[in-house]
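Novice: Model the structure of this input:
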Amino acid sequence: LLAAQYAHDHGLDFQITGIDFSDIHPLELQSENPLLKNIHFVGNTPMERTGLETGSQDFIMSQFGFEYGDRQASLREIKRLLTPEGGIFVAMIHHQDSAVLKQAREALQQIRQCEKSGLAEISEQLVGLQQQVAENRPLTASQQQQAQQLQRQLAQGIDKLNRYARQLKEPSHVQMFTHNLMQLFDRRNAAHITPQQRKQAISLLRRENDDYRRRMKDLRSAAYSDQHFSDLQQAMKKQGFRIDHITPLQYGGQHFCQGVAASLQT
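Specialist: Down below sits the predicted model:
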């Protein structure tokens, strides 16, 4: 979209192709941004095997994508796609010492704290008892005691996580987790949320936690070290690229990622 906007603003005729490994449907958003119609999107396509015509691209860019693929295969495909003389490749690549990776490591710690709290399991047990009451099946004296104990454990666990969050610079995940649980069991919402809806919400919260953990682990494993960048530089030279620069990019005064720029030479 940035390229399409630039072309539109400067009266240029860029032919833009966007590739993604996932099953993307960007044209469904065309009503929100008409410029999407000026982009040829290709989904379900790996960067190592794009199927595009040889020598068809003057400029290839990647923002946090290249490092997730097979380096050698991706470089061969980039070389194949670029115009033989002067084709340009640029990329923003995660660095293991960047602020982004620091946030990812902190996010994983927050996820572990949420799981360690056992609040999802406590909530599910409590909802099970609420479901029984909703079905006009009275609780036994033992179950009533259990419900009271679970409520205390829930309140104490949320309070403990909130205290942990106050020690963090960016406690967004913990705050999301505790906020959602507090909303589910807020007495003011009792008449509007059924036990079944609470069960579904807790299951969704678990899935979001799992999905977020996988994303952060993927990010952490994909990030390059200085040695990786040195190896990348050598691999690009072997493929016939001239390296213009591999340098840190700053954002907000912090190391955001590593910028790579190279051009193809015959």
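Novice: Please look at residue 12 and residue 6 and confirm they touch.
Specialist: Yes: under the criterion of C-beta atoms under 8 Å, residue 12 makes contact with residue 6 at 7.3 Å. The way it works is simple: take the backbone N, C-alpha and C, and place the C-beta from them, glycine included.
Novice: ends of stretch 167-174, how far apart?
Specialist: End-to-end span of stretch 167-174 (C-alpha to C-alpha, to the nearest Å): 11 Å.
Novice: who touches it?
Specialist: Stretch 167-174 is contacted by residues 103, 106-107, 110-111, 113-114, 161-162, 164-165, 212 when judged by C-beta atoms under 8 Å, 6 or more residues apart in numbering.
Novice: What segments of the stretch 101-250 of the chain are helices?
Specialist: 119-134, 141-165, 172-185, 195-222, 226-238 (DSSP state H, counting those that start in this stretch).
Novice: so which of those helices comes closest to residue 60?
Specialist: Closest approach to residue 60 among the helices of the stretch 101-250 of the chain is made by helix 226-238 (12.6 Å; C-beta to C-beta).
Novice: okay, how far is it across stretch 3-21, tip to tip?
Specialist: 20 Å.
Novice: meant to ask about stretch 53-71
Specialist: First-to-last residue span, stretch 53-71, C-alpha to C-alpha: 20 Å.
Novice: Any idea how far it is from the middle of the chain?
Specialist: 20 Å (C-alpha atoms, centre = their mean, to the nearest Å).
Novice: who touches it?
Specialist: Residues outside stretch 53-71 that contact it (C-beta under 8 Å, 6+ apart): 17, 46-48, 74, 78, 80-84, 86-94, 218, 222-224, 231-232, 235, 257.
Novice: could you give the mean pLDDT of it?
Specialist: When pLDDT is averaged along stretch 53-71, the result is 96.
Novice: Then stretch 85-92?
Specialist: 94.
Novice: next one: stretch 161-175
Specialist: On average, stretch 161-175 scores 94.
Novice: in it, what's buried?
Specialist: Applying a neighbour-count criterion of 16 or more other C-beta atoms under 10 Å, one finds 161, 164-165, 171, 173-174 buried in stretch 161-175.
Novice: mind putting the helices of the stretch 101-250 of the chain in CSV, distance to residue 252 included?
Specialist: Output for the helices of the stretch 101-250 of the chain, formatted as CSV (distance: least, C-beta to C-beta, whole Å):
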stretch, distance to residue 252
helix 119-134, 33
helix 141-165, 22
helix 172-185, 16
helix 195-222, 19
helix 226-238, 22
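Novice: closest to residue 25 out of these?
Specialist: By C-beta to C-beta (comparing all of these), the closest turns out to be helix 195-222, at 19.4 Å.
Novice: what helices or strands is the closest one leaning on?
Specialist: Applying 3 or more C-beta pairs under 8 Å, 6 or more residues apart in numbering; DSSP states H and E, one finds that helix 195-222 contacts helix 99-117, helix 119-134, helix 172-185.
Novice: Buried residues, the shortest one. List them.
Specialist: Residues of helix 172-185 classed as buried: 173-174, 176-178, 181, 184-185 (neighbour count, 16+ other C-beta under 10 Å).
Novice: low pLDDT regions in this protein?
Specialist: Confidence mapping of the chain against pLDDT under 70 gives the ranges 266.
Novice: if you set the cut-off to 80 instead, what comes out?
Specialist: Residue ranges of the chain with pLDDT under 80: 190-191, 266.
Novice: And it, what are its domain boundaries?
Specialist: 2-98+222-264, 107-220 (automatic domain parsing).
Novice: thinking again about what came up before, got TSV for the helices and strands packed on helix 195-222, with distance to residue 31 too?
Specialist: What follows is the helices and strands packed on helix 195-222, written out as TSV (distance: least, C-beta to C-beta, whole Å):
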stretch	distance to residue 31
helix 99-117	32
helix 119-134	38
helix 172-185	30
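Novice: So for residue 195, which of these sits nearest?
Specialist: That would be helix 119-134 among the helices and strands packed on helix 195-222, by C-beta to C-beta, at 4.0 Å.
Novice: Buried residues of the closest one, list them for me.
Specialist: Using 16+ other C-beta under 10 Å as the test for burial, helix 119-134 gives 119-120, 122-123, 125-130, 132.
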